[in-house]
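A.B. asks: Fold the following for me, if possible:
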Amino acid sequence: MNTLALDLGTSSVRGLVLDADARPLPGALARRRVSLVVHDDGTGTLDGPGYLACLSECLDELAAGGHLRDVSLVATSAQWHSVLPLGADGAPLGPVLTWLDTRPHALPGAAGPADPDDFHQRTGTWWHRCYWSVRLPWLREHTGSRVTRFVGLTEYVLGELLDSAPMSVSQASGTGLLGLRTLDWDAEACTLAGSRAGELPELAPSGWRGRLRAAYARRWPQLTDAPWAGPVGDGAASNVGSGCVGPERVAVTVGTSAAVRLVQRVPAGQELPALPESLWRYRVDRDHVVTGAAYSSGGNLFAWASRELRLPEGAELDAALSRLAPDDLLPANVRFGGDRPPGLAPAGSGELRGLSFGTTAVEILAGLMRGLCDLVADDLAVLESTVDRPVEVVLGGGAVAASPWWRSAFASALAPRPVWHGRDPEVGARGAALVALGRVGDATRLADIGRMDETASPS
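C.D. replies: Next up, the predicted model:
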């Protein structure tokens, strides 16, 4: 049984076909870059219809290559926190606000939760510009009275493709409006968002499966009978794909952005572990939660440096980095895109210090990369305190997979903890497939990881 896994990311959309153990099939990968609009005022948006077109092109390519013939399930890993206002006809009333957009703010006179700590424990989030409790009132103010309902990018795209596209509990938890224990919209959060009847997406029931609309079934007939599982937030999916599904192992993932996360089994209705004030918590599925911290910078640091600093490429860059010691670098503040919650630093808060006329472009890049490592190390210490035991770390994501030096810098910053690295850059897609297959418990055994100080894989 093969699974078609979709990865709805911020900088690209990908489709790949996996075997029964969620291993990628050779050649069965299609990818399209998407146009993220970023401005110095904090804008971070995507075009919804354009994004759908990119996903459709990926499916066309896989179909043309004969890769969809034996697909019996479709799984999706998708970015959290996005929001898109729709009109009465279901058409977008503007671009999609992504997690990177720092413009939303509380409207004048608005008040936050009555008990911020209790709100944080219930929803795993804060009254913050990243979440719908602040974003929806701001969007109404900027879009006008034409808004009929709000969806995430995932619900918009799947709503166009499928017969129905309710919001999964994983995606709903990223809005900041979901009660993590009850798995229903939180009354106080909805009041803060000013949400009215029918404005929020329907929540997917347990075991929900979607089907292609007739028009798309004709376009991709191999998928006519394939059920579509509820989407998994990309961070949660990456943990599962990295084999980090228990309190003894933490995932550090660096894609476009970066995060450090821990998954625990907490079924719906069960009391949630205490949540430190600096960490967020979302849902993987109805049986697991993921706790952690995230950063607006990751692989986009490398992309910026590569574009602006005329860096050497390939082996030449690797060789230049290898001559630098990870612990003796320029101090840097990597908040180029501002803070992720709960921080409030605006876009444009990045800093480089200690520059001289002898500073090289490679030294600037290394300082930025190490700056992210140090942020992760600080938050990992807080995350580790929630399980009261030493943890192992698995590095994953395309950015660290592509950079041996960055992996070494992370290993240095996170010492003395054992550090593994994932050899598969598509951990999000693999994780979403394992969740859809009901095989979260197999994730550690199936993960393709190796110790930083060893060549053999434990899997």
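A.B. asks: SS state for residue 282?
C.D. replies: Under DSSP: H, G, I helix; E, B strand; the rest coil, residue 282 falls in the strand class.
A.B. asks: And the spatially closest residue to it that is not a sequence neighbour, how close does it get to residue 289?
C.D. replies: Spatial nearest neighbour of residue 282, excluding adjacent residues (C-beta to C-beta, 6 or more residues apart in numbering): residue 173 at 4.0 Å. For the C-beta atoms, the positions are set from N, CA and C on the backbone; glycine is no exception. To residue 289, residue 173 is 8 Å away according to C-beta to C-beta, to the nearest Å.
A.B. asks: again, but for residue 380
C.D. replies: 18 Å.
A.B. asks: Those two: which is more packed in?
C.D. replies: Legend: neighbour count by other C-beta atoms under 10 Å for residue 380 and residue 289, higher for residue 289 (24 against 21).
A.B. asks: so that one sits in a strand?
C.D. replies: Yes: under three-state DSSP, residue 289 sits within a strand.
A.B. asks: Test of understanding: give the bridge partners of it.
C.D. replies: residue 264, residue 283 (DSSP bridges).
A.B. asks: residues contacting residue 18?
C.D. replies: 2-5, 24-25, 429-430, 433 (C-beta atoms under 8 Å, 6 or more residues apart in numbering).
A.B. asks: buried subset of those residues?
C.D. replies: In the contacts of residue 18, burial by neighbour count holds for 2-5, 24, 429-430, 433, counting by 16 or more other C-beta atoms under 10 Å.
A.B. asks: any common contacting residues for residue 173 and residue 289?
C.D. replies: In contact with both residue 173 and residue 289: 124, 180, 281-283, using C-beta under 8 Å, 6+ apart.
A.B. asks: Mind picking the one among those that's closest to residue 337?
C.D. replies: The closest of the shared contacts of residue 173 and residue 289 to residue 337 turns out to be residue 282 (C-beta to C-beta; 20.0 Å).
A.B. asks: coming back round to it: can you get me a residue count around the residue nearest to residue 282?
C.D. replies: The burial count for residue 173: 27, using other C-beta under 10 Å.
A.B. asks: So it sits against residue 233, correct?
C.D. replies: Yes: Residue 173 lies in contact with residue 233 (C-beta atoms under 8 Å); the separation is 7.1 Å.
A.B. asks: Now the common contact residues for those two.
C.D. replies: 282-283.
A.B. asks: quick check, residue 35 in a helix?
C.D. replies: No: secondary structure of residue 35 (three-state DSSP): coil, not part of a helix.
A.B. asks: Just want to check the distance between it and residue 422.
C.D. replies: 28 Å.
A.B. asks: before we move on, what about residue 347?
C.D. replies: 30 Å.
A.B. asks: quick one: which helix or strand includes the residue located most distally from the centre of the chain?
C.D. replies: Computed with C-alpha atoms, centre = their mean, the residue of the chain farthest from its C-alpha average is residue 357, at 38.2 Å. Assigned by DSSP states H and E, residue 357 belongs to no helix or strand.
A.B. asks: Just the local confidence number for it, please.
C.D. replies: For residue 357, the model assigns a pLDDT of 96.
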